[in-house]
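Asker: here are the coordinates; sequence isn't available:
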């Protein structure tokens, strides 16, 4: 048995998660185009490689070899800093997400998670809300009216929807009583009991969270910050080459992270139905050791979590190619006069249900 | 004023709760797009898949030969006169002794050029030709090129090849019987 110090194990997990989120974001660009095509009765990119699977590579080569353009009067340092910040924050937020339960080698047990902290949810929210600075700085540094408009829209949209999102989250925290994403996941499935995922306890909260997630990731129908038809691309109008690539990429990484967070908070994370029954059956009927059976369950759970994440990513794209964009005043009205009151109502209902012992 | 009786009187009703909640309409939209996800795709993957041409499609020109493999064109210039786009130019020449196997009549076209960028593929040259020499093929189109002068097709690219096999490669439709008859005739001449 190899004995890894916990820190080494954590850095391996972080590295794998980092590589995975980049890979998934890369293939999200491909998936987006194929799904868009299929929803519009087309076939999408199928020239590069079998089924067009090398298309992301071709896009990357294109992005890297394009001219690097700096608009006149732009603040060069901030102009470069904008997309970097957007990408860094997008990648940082996946560190606390529990991608699997614990794996045990000999006497050592390791979590399939970058960092297990008791402020996991706060970390995700803090880092994700930093992401809007990348958009803001990039839009402002471009010295372009359209970019600035896009950036201002991004900022106000994020602030408006983060409120409702946070309040939808508070209802979850009232049930779980912890901010640790791992604990929230573990609470959604307890051995030997009939336990429901949080979506059953928080249907309204989930819908609010989902709508806000669309707004937070600047996806249609809330993609007003980039808004090609009105703002010629919004905050990334002036960007070219890989700096544009980083912005577009950060969007997909954000979608991945938000999908992961939603899976963890509402859809049981790495839990899957009948996992304990499967483990016990392996131990009692197949003669497996408890530890190796547990390891197998952990791996299956990780696969399950990724399936949930992919389902959410598909949903994001499905929505994008179905719904038209909101008007800006409609967006603000939805955020402030509908979602926030609904989120408050949800908190009250949840509190009442906890008080009367309907849910715990 | 009413032009048709199809006009509908619109009443502005206040939206119901379901309409104001957006969600039912969103699910309706999602189901529509999901239905399209599984529909047959309209795409024709061009180089591998070719959309069939109509039998009366007017494509690339061809200068036909007669049954003995001689060029039919006598450079009368009627096609050039008929051409509304002035795409056809030609230089006429006199057939010399010993060239009887090449050209059907005493006068023939030394050069015959069609500018495919000017041509509108109307088929008036085909109608004007008294010798049934020029035709627009139903299954060939002028392929894309990088240079403009490559679109000026001379006799080298317009005249039908002598060998029937090559003819069918170039898309001139011959039934197997026709091809065999032509091959036999050509063989007898040699």
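Answerer: Sure thing, it's come through. None of the values given here were measured: they were computed from a predicted structure. Residues are numbered from 1 along each chain as shown, chains lettered A, B, ... in the order given.
Asker: Which residue ranges of the chain form helices?
Answerer: Looking at chain A here, since you left the chain open. For chain A, the helices defined by DSSP state H cover A:6-39, A:55-65, A:76-92, A:120-141, A:145-176, A:181-187, A:198-201, A:203-216, A:228-231, A:241-266, A:275-285, A:290-320, A:328-333, A:340-355.
Asker: my bad, chain B
Answerer: Under DSSP H, chain B gives helices at B:17-20, B:23-37, B:78-82, B:124-128, B:155-158, B:164-169, B:176-189.
Asker: Between the ones you listed, which one is closest to chain A.
Answerer: Closest approach to chain A among those is made by helix B:23-37 (4.5 Å; C-beta to the nearest C-beta). (C-beta placed from N, C-alpha, C; glycine too.)
Asker: ok, and does that closest one reach over to chain A?
Answerer: Yes: residues of helix B:23-37 contacting chain A under C-beta under 8 Å from any C-beta of the partner chain: B:23, B:26, B:29, B:30, B:32, B:33, B:34, B:36, B:37.
Asker: Next, count neighbours for the fifth one.
Answerer: Put plainly, it is residue B:32. Residue B:32 is flanked by 11 other residues according to other C-beta atoms under 10 Å in any protein chain shown.
Asker: so what's the nearest residue to it once chain neighbours are set aside scoring on pLDDT?
Answerer: Spatial nearest neighbour of residue B:32, chain neighbours left out: residue A:322 (7.6 Å); criterion: C-beta to C-beta, 6 or more residues apart in numbering or on different chains. We have a pLDDT of 89 for residue A:322.
Asker: give me every residue that touches residue A:322.
Answerer: Residues in contact with residue A:322 (C-beta atoms under 8 Å, 6 or more residues apart in numbering or on different chains) are A:39, B:26, B:29, B:30, B:32, B:33.
Asker: do the same with residue B:15
Answerer: Residue B:15 neighbours (C-beta under 8 Å, 6+ apart): none.
Asker: Could you measure from it over to chain A?
Answerer: 13 Å (C-beta to the nearest C-beta, to the nearest Å).
Asker: So residue A:102 is in contact with residue A:298, correct?
Answerer: Yes: with contact defined as C-beta atoms under 8 Å, residue A:102 reaches residue A:298; the gap is 6.6 Å.
Asker: Which one's more surrounded, those two?
Answerer: Higher neighbour count among residue A:102 and residue A:298: residue A:298, with 22 against 16, using other C-beta under 10 Å.
Asker: The more buried one reaches residue A:112, doesn't it?
Answerer: Yes: counting by C-beta under 8 Å, residue A:298 does reach residue A:112; the two are 6.5 Å apart.
Asker: quick one: contacts for residue A:96?
Answerer: Contacts here follow C-beta under 8 Å, 6+ apart; on that basis residue A:96 touches A:113, A:114, A:115, A:116, A:117, A:120, A:123, A:124, A:181.
Asker: So which of those reach chain B?
Answerer: Within the contacts of residue A:96, nothing lies near chain B by C-beta under 8 Å from any C-beta.
Asker: Any of those residues buried? List them.
Answerer: By neighbour count, with 16 or more other C-beta atoms under 10 Å in any protein chain shown, the contacts of residue A:96 hold A:113, A:114, A:116, A:117, A:120, A:123, A:124, A:181 as buried.
Asker: Buried residues, stretch B:38-55. List them.
Answerer: Result for stretch B:38-55 [16+ other C-beta under 10 Å]: no buried residues.
Asker: pLDDT of that stretch, averaged?
Answerer: Mean pLDDT, stretch B:38-55: 83.
Asker: Could you list the contact residues of chain B toward chain A?
Answerer: By C-beta under 8 Å from any C-beta, the residues of chain B that approach chain A are B:23, B:26, B:29-30, B:32-34, B:36-37, B:39-43, B:45.
Asker: List of residues touching stretch A:15-32?
Answerer: So stretch A:15-32 is contacted by A:45, A:52-53, A:55-56, A:59-60, A:91, A:94-95, A:97, A:99, A:114, A:248-249, A:252-253, A:255-257, A:313-314, A:317, A:320 (C-beta under 8 Å, 6+ apart).
Asker: re the thing from before, need the contacts of residue A:96 in JSON lines (columns: pLDDT).
Answerer: Formatted as JSON lines, the contacts of residue A:96 follow (pLDDT from 0 to 100):
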{"residue": "A:113", "pLDDT": "78"}
{"residue": "A:114", "pLDDT": "75"}
{"residue": "A:115", "pLDDT": "77"}
{"residue": "A:116", "pLDDT": "77"}
{"residue": "A:117", "pLDDT": "79"}
{"residue": "A:120", "pLDDT": "83"}
{"residue": "A:123", "pLDDT": "87"}
{"residue": "A:124", "pLDDT": "86"}
{"residue": "A:181", "pLDDT": "86"}
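Asker: Give me the neighbour count for residue 107.
Answerer: Using chain A. Residue A:107: 8 neighbours (other C-beta under 10 Å).
Asker: Please refer instead to chain B.
Answerer: 14.
Asker: Would you list the buried entries among the contacts of residue A:322?
Answerer: A:39, B:30, B:33.
Asker: Least confident secondary structure element in chain B?
Answerer: When the helices and strands of chain B are compared on mean pLDDT, DSSP states H and E, helix B:164-169 comes out lowest with a mean of 56.
Asker: Let me know the pLDDT of residue B:73.
Answerer: Turning to residue B:73, the model gives it a pLDDT of 90.
Asker: these two touch, right, it and residue B:61?
Answerer: No: using C-beta under 8 Å, residue B:73 makes no contact with residue B:61, being 11.1 Å away.
Asker: tell me, what's touching residue A:298 and residue A:112 both at once?
Answerer: A:100, A:101, A:102, A:103, A:270.
Asker: residues contacting the residue nearest to the second one when sequence neighbours are not counted?
Answerer: So the one you mean is residue A:101. Nearest non-adjacent residue to residue A:101, counting by C-beta to C-beta, 6+ apart: residue A:298, 4.4 Å away. Residues counted as contacts of residue A:298 (C-beta under 8 Å, 6+ apart) are A:100, A:101, A:102, A:103, A:112, A:270.
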